[in-house]
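*Asks:* sequence and predicted structure, then a few things I'm wondering about:
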Amino acid sequence: MKIHSQEEVRYTLFNNAEEIWFWFCRSQKARQELSRFEKNSYSPIRPCSPDDILQIVLQLNLAGILQKRHINTLTKYGNLYYIPDYRIKEESLHALWWDDAIDKLTVIFKKKGFIYEANSK
């Protein structure tokens with residue numbers, strides 16, 4: 001995890017796309033429960049908002065890059081805070097779709113600067 005500063009605002013980058021996705025799911029759950037993430041010492045400022053993540057997913061869906069099966073898998077397992085396991089027969093297909101979706105999201109999240117990369121400034 002690396003802390004970056006942009007226009008005097010310090011924020012904490014994510015380690016990977018899965019961390020972003022689980023953060024997004026927790027944020028959405030909090031919204032549905034009509035609560036808000038409290039800003040405290042345990043809640044770092046992030047380089048994006050949950051709405052940014054939703055917009056990216058919607059754009060990738062409209063472009064045909066993420067399909068319904070990807071989004072359904074991300075939603076199901078994201079809400080369970082669990083990555084589908086190839087070794088479990090009932091989850092093996094979902095694991096393929098999860099990995100495919102996460103790979104596609106990783107490309108975008110890196111381009112947007114949401115994920116920490118060791119060789120970045």
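*Replies:* Done, it's in. Residues are numbered from 1 along each chain as shown.

*Asks:* can you pull out the strands in the protein?
*Replies:* 3-6, 9-12 (DSSP state E).

*Asks:* now the first one: average pLDDT?
*Replies:* Across strand 3-6, pLDDT averages out at 53.

*Asks:* ok, the last one next?
*Replies:* Averaging pLDDT along strand 9-12 yields 80.

*Asks:* would you put the C-alpha positions of it in PDB?
*Replies:* Only the C-alpha atoms of strand 9-12 are listed here, as PDB (Å, rounded to 0.1, in the frame of the first residue of the first chain):
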ATOM      1  CA  VAL A   9      -4.900  15.500  -0.600                       C
ATOM      2  CA  ARG A  10      -3.300  12.300   0.600                       C
ATOM      3  CA  TYR A  11      -4.900   9.100  -0.400                       C
ATOM      4  CA  THR A  12      -4.100   5.400  -0.100                       C
END
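
*Asks:* so what strands line up beside it?
*Replies:* strand 3-6 (antiparallel) (DSSP bridges).

*Asks:* below-threshold pLDDT in the chain: ranges please.
*Replies:* Along the chain, the parts satisfying pLDDT under 70 run over 1-9, 35-42, 119-121.

*Asks:* give me the most central residue, it.
*Replies:* Centroid check for the chain by CA atoms, centre = their mean gives W21 as the closest residue, at 2.3 Å.
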